[in-house]
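Engineer: Build me a model from this:
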Amino acid sequence: MKGFINKGLGYLDYIRKSGAQDKWGGPFNGQQFRQRIFFDLINQFPVKAIIETGTYRGTTTTLFATTPLPVYSVETHPRFYAYSKMRFRHQRNKVHLYNNDSRAFLTMLSKDPVVPKEDVFFYLDAHWKDDLPLREELEIIFTNWQRPIVMIDDFQVPDSDYNFDDYGPGKTLNLDYLEPVIATHLISVFFPAGNVAEETGVKRGCVVLCQEQTGKDIKKSIATLVRHLVSTGSEDPGKRYRIR
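Structural biologist: The predicted structure is shown next:
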């Protein structure tokens, strides 16, 4: 019953307050350099689909929908899901929306024969306070997809003034939080190459993750990203990574 009411409120939100859909300043939090990174990646690599966790009101999803690629996006909150359903009601054959937990959503897509299982761009933005599904999301992605390219929003960019999510001990979105997954799957890590002062919008940090061969190609061909993951053997977690 509560979910039904929330969906109804979501529909009303869209009708009455459609201007609220871009409250973060536009796609990728209004960050133009982040948008450059995204288009560099999908133009350089043979990306076959875009999968997003955390639709919210669909602001970044609208950017994904401008590409020729199919878009799959999930939102756990019924109210925001309903809002986005209204927003993309005329693009149902292109933008596929789901109201579900992001982990269940990714597991479902991993078994769906229609969804490509290689060369997919993932945008992970379903994390919030006590619910941090990132490790599990990445486990599902790197276990079931070949050559995925994953961008995570709200992530700490080392030695920069980008904003990021910090929900307390053990719940900071940074490399230490993801280290078990990175080590298990031998993931390559990239951060924005631009100066944060030159970024627009709310200046949230991000990280791009991929398999090693893709990482080699990104390093050679994508100037908007800089490779970062190298173990130094240091006992100090703050010195465990450096740019290369």
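
Engineer: For Leu97, give its distance to Phe122.
Structural biologist: 16 Å (C-beta to C-beta, to the nearest Å). For glycine as for every other residue, the C-beta is placed from the backbone atoms N, C-alpha and C.

Engineer: what does Phe28 give?
Structural biologist: 14 Å.

Engineer: Looking at the two, which one has more neighbours?
Structural biologist: Between Phe28 and Phe122, counted using other C-beta atoms under 10 Å, Phe28 has the larger neighbour count: 26 against 23.

Engineer: For that one, which three-state class applies?
Structural biologist: Here Phe28 is helix, with the state taken from DSSP: H, G, I helix; E, B strand; the rest coil.

Engineer: contacting residues around it?
Structural biologist: Taking C-beta atoms under 8 Å, 6 or more residues apart in numbering, we find Phe28 in contact with Arg34, Gln35, Phe38, Thr60, Leu63, Asp153, Gly201.

Engineer: Return the closest of these with respect to Leu178.
Structural biologist: Asp153 (13.6 Å; C-beta to C-beta).

Engineer: Number of residues surrounding the closest one?
Structural biologist: Asp153: 23 neighbours (other C-beta under 10 Å).

Engineer: which regions of the chain lie under the pLDDT threshold?
Structural biologist: Counting by pLDDT under 70, the chain shows low-confidence ranges at 1-15, 18-24, 129, 229-244.

Engineer: Tell me which stretches of the protein form helices.
Structural biologist: According to DSSP state H, the chain carries its helices in the segments 2-16, 27-30, 32-44, 59-64, 78-87, 102-110, 134-144, 175-185, 212-221.

Engineer: which parts of the last one are buried?
Structural biologist: Burial within helix 212-221, assessed by neighbour count using 16 or more other C-beta atoms under 10 Å, is assigned to Thr214, Gly215, Ile218.

Engineer: The second one and Ile182 touch, don't they?
Structural biologist: Read that as Gly215. No. Judged on C-beta atoms under 8 Å, Gly215 makes no contact with Ile182 at a distance of 11.6 Å.

Engineer: from what I can see Val181 touches Ile187, true?
Structural biologist: Yes. Look at Val181 against Ile187 with C-beta under 8 Å: they come within range, at 6.9 Å.

Engineer: So what's the residue count around Gly168?
Structural biologist: Gly168, neighbours per other C-beta under 10 Å, totals 8.

Engineer: backbone phi and psi for it, please?
Structural biologist: Backbone torsions of Gly168, given as degrees, to the nearest 10, read phi 110, psi -180.

Engineer: any idea how far it is from Asp130?
Structural biologist: Distance of Gly168 to Asp130, given as C-beta to C-beta: 10 Å.

Engineer: One more: Thr59?
Structural biologist: Thr59 is 24 Å from Asp130, by C-beta to C-beta.

Engineer: Who has more neighbours out of those two?
Structural biologist: Taking neighbours as other C-beta under 10 Å, Thr59 and Asp130 compare with Thr59 leading, 21 against 8.

Engineer: can you pull the contacts of the nearest residue to Val47 once chain neighbours are set aside?
Structural biologist: With sequence-adjacent residues excluded and distances taken as C-beta to C-beta, 6 or more residues apart in numbering, Val47 is closest to Phe121, at 4.9 Å. Phe121 makes contacts with Phe38, Leu41, Ile42, Val47, Ala49, Ile50, Ile51, Leu69, Pro148, Ile149, Val150, Met151, as judged by C-beta under 8 Å, 6+ apart.
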